[in-house]
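> Fold the following for me, if possible:
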Amino acid sequence: MLNETNFQLIFDLLTKILIFFERPTVQLQLALIILTFFLAWLLSNTIIIGKSKIKLPLKLRRLNKNNVIVINYLLFPVSALILLILLNNFMNSQGFINGLVVRITTLTLIFTLYRLFLSLTYIIFHEKTVKHYHQHFFIPLVFFFIIFQLLNELTDIQQLANVVLAKIFDGVITIGGLLQATIGLYLWIYALSGIQDITYRILKNKTTIPPGILEGSLSLIRYFLIGLGILVALTNLGLNPTTIAAITGGLSIGIGFGSKEILSNFISGILLLFEGALKPGDVIRLDDEIATVKKLSIRATTVLTPNNVEKFVPNQTFLTSSVITYTGSNSVIRLLIPIGVSYNSNPEQIIDLLIQAGQAHPHVLSDPPPSVYFIAFGESSLDFELAVWLDNPIIYKRVISELNLAIWKIFNEHNVEIPFPQRVVHLRN
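So this is what the prediction gives:
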């Protein structure tokens with residue numbers, strides 16, 4: 001329960017904020033600031049490159065993509081910053097109080113530098129990756145920073161942080177401790193994920209360590225640091241070591257019974273990463289479907305099918321069931337194409353024609369060369385198999401289709417008959 005002192009501190013803070021916003025000078029500054037940001041928004045959306053309805057100078061229209069990204073990201077904050085500076089100078093010249101405008105101008109300058117940094121990351125790194133961290137890390141970070149700065153102007157932030165929310169055993173939970181444990185841990189987890197991605201991109205081409213082992217090592221380090229972050233978060237909540245041990249001990253029992261599958265996938269992921277049995281780019285057959293391994297992580301493996309569908313496969317699947325890989329030691333595979341011809345055909349001629357069809361295809365390897373096997377005397381046909389080699393397993397269906405079409409054409413050119421099953425029925429009286 002909150003005591004009377006805590007209630008009084010929060011009540012005093014709210015009263016102070018209300019009194020602050022009731023001042024005419026503050027209301028005037030707020031109105032001018034809102035108007036300034038609205039004008040900056042209109043201006044930036046009017047001249048934004050690539051979407052502008054007005055005719056821009058020829059030099060602006062010929063800018064490359066990277067320059068366009070930087071300019072478009074800076075149009076709004078720079079416009080707002082310039083207008084705020086002009087507003088600040090005007091209010092100084094007229095003798096108006098402009099303390100709030102000055103503080104908002106400083107925050108807008110920081111926001112402009114943030115947008116510049118963000119535009120550079122879009123240029124350097126992959127757009128999808130940057131967008132992910134932009135939405136889940138940078139936006140919350142900037143939002144919390146701005147809120148902290150505004151509260152710091154309105155009240156004693158340290159006094160507010162020490163307000164007690166609850167008591168657990170011998171420890172107390174304060175507002176500051178709760179915010180550090182939640183917001184801090186959230187940002188810590190995403191920061192570690194970003195650092196892991198950047199480190200992997202830098203090291204994978206500059207070291208002889210296999211990619212699987214490198215990614216596995218970085219993942220283990222990240223999870224270890226996340227564990228340390230959780231302990232720090234619990235400490236910031238005001239919990240002593242005895243309380244933390246009691247809570248984690250109880251949770252470990254529940255996790256042991258309820259998260260057996262998660263633990264199994266976690267261990268399987270570590271084994272896959274360190275063994276290097278699978279790596280990004282490998283072509284595998286999973287559930288009677290060809291797929292390309294896109295990403296290996298601790299919990300699941302992401303694969304991409306030829307239909308451009310992503311699947312998340314639990315890691316234990318690769319250790320508890322049979323999985324065919326076409327790129328284990330190398331990416332060369334052999335295709336066997338069965339074909340039957342009439343008993344009136346010359347087998348030696350058929351072998352020559354099939355080899356010609358295989359050699360003519362651009363994706364069929366010349367070493368090993370195509371070969372033909374006379375495998376059986378069928379019920380209504382002489383059965384052959386054309387064996388060809390490919391170095392790209394993902395296109396095997398297209399190659400089979402094109403080879404079948406080529407065989408059909410070359411057989412028609414040489415009057416080779418492809419029979420179909422026939423039955424002779426004798427009727428008895």
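> contacts and neighbour counts: CA atoms only from here.
Will do.
> Which residues does stretch 139-149 contact?
Contacts with stretch 139-149, where a contact means CA atoms under 8 Å, 6 or more residues apart in numbering, come from Leu107, Phe111, Leu187.
> nearest to Glu385, of these?
Top of the list for closeness to Glu385, among the contacts of stretch 139-149 and by CA to CA, is Leu187 at 60.0 Å.
> pLDDT value on the closest one, please?
pLDDT for Leu187: 88.
> ok, back up a step: drop anything exposed from the contacts of stretch 139-149.
For these, burial is judged from neighbour counts taken by 16 or more other CA atoms under 10 Å, and it is met by Leu107, Phe111, Leu187.
> could you say which helix or strand contains the first one?
Under the criterion of DSSP states H and E, Leu107 resides in helix 99-124.
> Now the element after that helix, going C-ward?
Where DSSP H and E defines the elements, the next helix or strand beyond helix 99-124 is helix 127-133.
> Any buried residues in the following helix or strand past that following helix, and which?
The helix or strand immediately downstream of helix 127-133 is helix 139-154, counting by DSSP H and E. Counting neighbours by 16+ other CA under 10 Å, one finds that the buried residues in helix 139-154 are Leu141, Ile146, Leu150.
> helices or strands next to the helix or strand just after helix 139-154 in the packing?
Going down the chain from helix 139-154, the next helix or strand is helix 157-161, by DSSP H and E. In this structure, helix 157-161 makes packing contacts with helix 175-179, judged by 3 or more CA pairs under 8 Å, 6 or more residues apart in numbering; DSSP states H and E.
> For the helix it packs on, which outside residues touch it?
Identification of contacts with helix 175-179 by CA under 8 Å, 6+ apart yields Leu160, Ala161, Asn162, Val163, Val164, Leu165, Ala233, Asn236, Leu237, Gly238.
> Just the mean pLDDT for it, thanks.
Helix 175-179 shows a mean pLDDT of 78.
> Going by neighbour count, list what's buried in that helix.
For helix 175-179, burial by neighbour count (16+ other CA under 10 Å) applies to Ile175, Gly176, Gly177, Leu178.
> what do you get for stretch 358-374?
Gly358, Gln359, His363, Val364, Leu365, Pro370, Ser371, Val372, Phe374.
> Averaged pLDDT, that stretch. What do you get?
The model assigns stretch 358-374 a mean pLDDT of 92.
> Could you list the low-pLDDT ranges of the stretch 301-429 of the chain?
422-423, 429 (pLDDT under 70).
> ok, 50 please
The model of the stretch 301-429 of the chain has no residue with pLDDT under 50.
> In contact with the nearest residue to Leu304 once chain neighbours are set aside, which residues?
Distances taken as CA to CA, 6 or more residues apart in numbering put Glu310 closest to Leu304, at 4.6 Å, once the chain neighbours are dropped. Contact analysis of Glu310 by CA under 8 Å, 6+ apart lists Thr302, Val303, Leu304.
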